[in-house]
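Asks: Okay, sequence plus prediction incoming.
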Amino acid sequence: MEAITPDTRGATTIREQLNLHRAATSCGSCHIKFDPAGFALENFDVAGGWRDRYRVNGGTGDKVVGLGKNGHAFNYRLAQWVDSSAQMADGLGFANIHGFKELLNSKERDIARNLLNRLIVYATGAPVSFADRSEVEKILDGAASSHYGVRTLIKGLVVSELFRRR
């Protein structure tokens, strides 16, 4: 039986750790779907600031000189360059967050369908079933002219049979 936590020893970056983790069959089938979005966001640090390179404490890398907001000298180095490129499960790739945004914008209806499905579950307390598909598509058709604005999706849901019959 495969380990729940695959062996990621020797990996020096998050991307390398995830590549080893994805190599496990039970992990890779899910990670192929959501890892690309995470890679697209790699240029943002934990506080949401932009970074082109990872920071390391000690070790090798370009020493950063200066003082932090606390008045203490910086005690880190700049290490490897951030790689925010990835390939989606459908084979489409992107080089950075801007490419990822373009890719998502090209799938406007798919994004709206996903949001609408989440709104339906939230509003009705029931999951979206196969039988609901035509009503979902009807709401999306009505919201297409507004580029699937959230208000339009919510209004379409509230006046729909999906909302009124549950």
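Replies: Great, that's in hand. Just so you know, these numbers come straight off a predicted model, no measurement behind them. Residues are numbered from 1 along each chain as shown.

Asks: buried residues in stretch 40-49?
Replies: 40, 42-43 (16 or more other C-beta atoms under 10 Å). Backbone N, C-alpha and C define where each C-beta goes, glycine included.

Asks: In terms of distance to residue 18, which of those residues ranks first?
Replies: Using C-beta to C-beta, residue 42 comes nearest to residue 18 of the buried residues of stretch 40-49, at 11.0 Å.

Asks: quick one, phi psi at the closest residue to the closest one other than its chain neighbours?
Replies: Once flanking residues are discounted, residue 42 sits nearest to residue 84: 4.5 Å by C-beta to C-beta, 6 or more residues apart in numbering. Backbone torsions of residue 84, given as degrees, to the nearest 10, read phi -100, psi 20.

Asks: So residue 84 is in contact with residue 44, correct?
Replies: No - Residue 84 lies out of contact with residue 44 (C-beta atoms under 8 Å); the separation is 9.1 Å.

Asks: Please work out which residues outside the helix or strand hosting residue 156 touch it.
Replies: Per DSSP states H and E: residue 156 is located in helix 150-158. Helix 150-158 has contacts (C-beta atoms under 8 Å, 6 or more residues apart in numbering) with 112, 115-116, 119-120, 123, 139-140, 142-143, 146, 163.
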